[in-house]
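Student: show me the folded form of this:
(2 chains)
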Amino acid sequence: MRKVLRTIPVLLGALVMLFPFAWTVVTSLTPDGALLSSPPDFTPDGAGLDAYRRLLETMPFWRIVFNSLWLGVASTALQLITSSMAAYAFARLPFPGRGALFAVYLATLMVPMQVLVVPLFLEMRAFNLVDTYFAVLAPTVASAFGVFLLRQAIAQVPREFDEAAVLDGAGHLRVFAFVVLPLIRPALATFAIFGFLASWNSYLWPLVIIRSPEFMTIPLGLATLHGQFTTEWNVVMAGSVVSVVPILVLYLFAQKHVIASVAQSGLK
Amino acid sequence: MTATRTAPKAPPRPAARAVGPRRSRLRYAGTVALFLLPSAIPLTLFTLVPMAGSLWTSLHEWNLITPMRWAGLDNYAELLGDERTLAAFGHTLYFLAGYLPLVYAGGFGLALLLNRARRGRNVLRAVYFLPVVTSWVVVALMWKWLLNPAGGVVNWLIGLVGLEGPGWWTDPNWAMPSVILASAWKDLGFVMVILLAGLQAIPREYHEAARVDGATALQSFRHITLPLLSPSTFFVIVISLINGFQVFDQVHVMTGGGPAGATTVVVEQIYDLTFRYGRAGAASALSWLLFVIILIVTLVQIRAQRRWVNYA
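Tutor: Take a look at the predicted model:
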């Protein structure tokens, strides 16, 4: 009996979590006329892919999905490289002023995007970069959070490992690439997940800097679509379905690792 | 982070020794630069320079088109006395007051229930986490549609029990609750995963020992679970507060700050000031005001944690 009492709320909650996704799919297949039917129709007559056709006619949606994917991958890859290199310097290469410089890195971590949006927009405008891929990507290529996270990981690698390599005559670049990086793979994976999600979900900065549909990312494309089709929810939901599918597939593959990474971050 | 985790001040190591002929010292400096510049250059260009620019802009009156006009601290003075600024902070606090308890109580409750579940825990956890990886814009659109006053599923459900559903995001009184509902739905899984990890890190023996000593379940919860979970709780609250103060995406998509300005939170106000009213100076000043407030709130929490957070 107690077990049932425990199970019911959990399952009910799971239903609440899943239903909006299911309803999004149903709506995307519903023809215009049946959208506002009451009671809601879960198996609408004339269901079909018409909304998807209109979606692709109005917006280069495949390109938008592709934009989000490649920008996410590029941003994550660049962040991994720049952050791990800086992390190595902060953990392993003593130089005068290192502590102060690290403090500056950490300070940038606390600045919210909102503070940066306006001047960043002006900066891009000054260089004629408004409405370009470069402008979307540039502010995401370095991450102070990543430097911090990876420095902690490198600091935990026993020094003997890389010293042995150095004594063997390997330079720092080689020690970094072939000794240290393989040892901090879990931290790199964690950071990659955070980096990709941040880029994939980012809305404010693309909203400010992008105008043309062909450079839009998914969140921006969807919001723009919603602005054009305020009442045609089937088209908006078709866009949502198309944009959720890639991340869902990725999530199903990496689910365990994604959750483990987030869970880890809360344990001190 | 504990002090033991930070790297000790490095004693001179063979790898790092920079003595010797000038050439090798130069080479070492080159190596350091090689490792640092890939991050230092973008951070300078896209974070430090804009930070300085934002501070500078906040001291001017500027519509982004005609030349800047020096305004000193006028923007700040104006903001502090402006009703709309106060309203924006009020709306943000309203959001936090609804969102935080909901997401925390829900996430904690679920974590407790799932912690006891033996079968299906991982599947359920994955399901609850699904909205976390979904983008804010998608979540906002889904909920806007679910909460559609006419023909929305939620109002149909409310109708089933004989009540009449409210106008949700079309009604100034219900717009903020709509945003809060969507936000809590999205972040519930995040809070749950963090707290569940915290719960699972508590050794079972503690509870067993307490039971042997005659402690009730409630006592065990109060004196073992809560204190040992406090680091996770602290983390969740700090992160949720920072994110909550910066709430924007879901508001901008669901209501655009309306109706009648009922959901114009601080970041929405920053956006409007810049791109609708052409007041870049005032917007920059407001963003700094928000930053300082978040910083103070976070620092206060970090200071206060000593009193209630238990690092075993």
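
Student: what are the phi and psi angles of the nearest residue to B:Ser287 once chain neighbours are set aside?
Tutor: Of all residues not flanking B:Ser287 in the chain, A:Val115 sits nearest, at 4.4 Å (C-beta to C-beta, 6 or more residues apart in numbering or on different chains). Yep, even glycine has a C-beta here, placed from its N, CA and C like the rest. Dihedral angles of A:Val115 (phi, psi; degrees, to the nearest 10) stand at phi -70, psi -30.

Student: and the worst-scoring helix or strand of chain A on mean pLDDT, which residues are buried?
Tutor: Within chain A, no helix or strand scores below helix A:159-167, which has a mean of 80 by mean pLDDT, DSSP states H and E. By neighbour count with 16 or more other C-beta atoms under 10 Å in any protein chain shown, helix A:159-167 contains the buried residues A:Asp162, A:Glu163, A:Ala165, A:Val166.

Student: the next helix or strand after it and chain B in contact?
Tutor: For helix A:159-167, the following helix or strand on the C-terminal side (DSSP states H and E) is helix A:172-174. Yes - against chain B, helix A:172-174 shows contacts by C-beta under 8 Å from any C-beta of the partner chain at A:His172, A:Leu173.

Student: for helix A:172-174, packing partners?
Tutor: Applying 3 or more C-beta pairs under 8 Å, 6 or more residues apart in numbering or on different chains; DSSP states H and E, we find helix A:172-174 packed against helix B:22-43.

Student: need the per-residue pLDDT for B:Met1.
Tutor: Here the pLDDT value assigned to B:Met1 is 37.

Student: what pLDDT is listed against the residue nearest to B:Ser287?
Tutor: The model's pLDDT for A:Val115 equals 82.

Student: need the contact list for it.
Tutor: A:Val115 makes contacts with B:Pro50, B:Met51, B:Ser54, B:Ser284, B:Ser287, B:Trp288, B:Leu290, B:Phe291, as judged by C-beta atoms under 8 Å, 6 or more residues apart in numbering or on different chains.

Student: run the last query once more with 10 Å
Tutor: A:Val115 is in contact with B:47, B:50-51, B:54-55, B:58, B:270, B:284, B:286-288, B:290-291, B:294, counting by C-beta atoms under 10 Å, 6 or more residues apart in numbering or on different chains.

Student: ok, the least confident helix or strand of chain A near chain B or not?
Tutor: Yes - using C-beta under 10 Å from any C-beta of the partner chain, we find that helix A:159-167 touches chain B at A:Arg159, A:Asp162, A:Glu163, A:Ala165, A:Val166, A:Leu167.

Student: do stretch A:239-248 as well
Tutor: Yes - if you take C-beta under 10 Å from any C-beta as the test, stretch A:239-248 does meet chain B, through A:Gly239, A:Ser240, A:Val241, A:Ser243, A:Val244, A:Ile247, A:Leu248.

Student: quick one, which of these are buried?
Tutor: A:Gly239, A:Ser240, A:Val241, A:Ser243, A:Val244, A:Ile247.

Student: and which of the residues you listed is nearest to A:Leu109?
Tutor: Checking those against A:Leu109 by C-beta to C-beta gives A:Ile247 as the nearest, at 25.3 Å.

Student: how deep is the residue lying closest to the closest one once chain neighbours are set aside tucked in, by neighbour count?
Tutor: Leaving aside its sequence neighbours, A:Ile247 sits nearest to B:Val133 (C-beta to C-beta, 6+ apart; 5.8 Å). Other residues near B:Val133 come to 24 when the count uses other C-beta atoms under 10 Å in any protein chain shown.

Student: am I right that B:Val133 is in contact with A:Ala198?
Tutor: No - the criterion here is C-beta atoms under 10 Å, and B:Val133 misses it with A:Ala198 at 11.4 Å.

Student: low pLDDT regions in chain A?
Tutor: A:1, A:38, A:266-268 (pLDDT under 70).

Student: rerun that using 80 as the cut-off
Tutor: For chain A, applying pLDDT under 80 flags the ranges A:1-6, A:33-47, A:109-110, A:112, A:114, A:162-163, A:165-170, A:231, A:254-258, A:261-268.

Student: just chain B next, same as before
Tutor: B:1-22, B:117-119, B:151, B:310-312.

Student: just the element for the most centrally placed residue in it, please.
Tutor: Nearest to the mean C-alpha position of chain B, by C-alpha atoms, centre = their mean, lies B:Asn243 at 1.6 Å. Element membership of B:Asn243 [criterion: DSSP H and E] is helix B:226-245.
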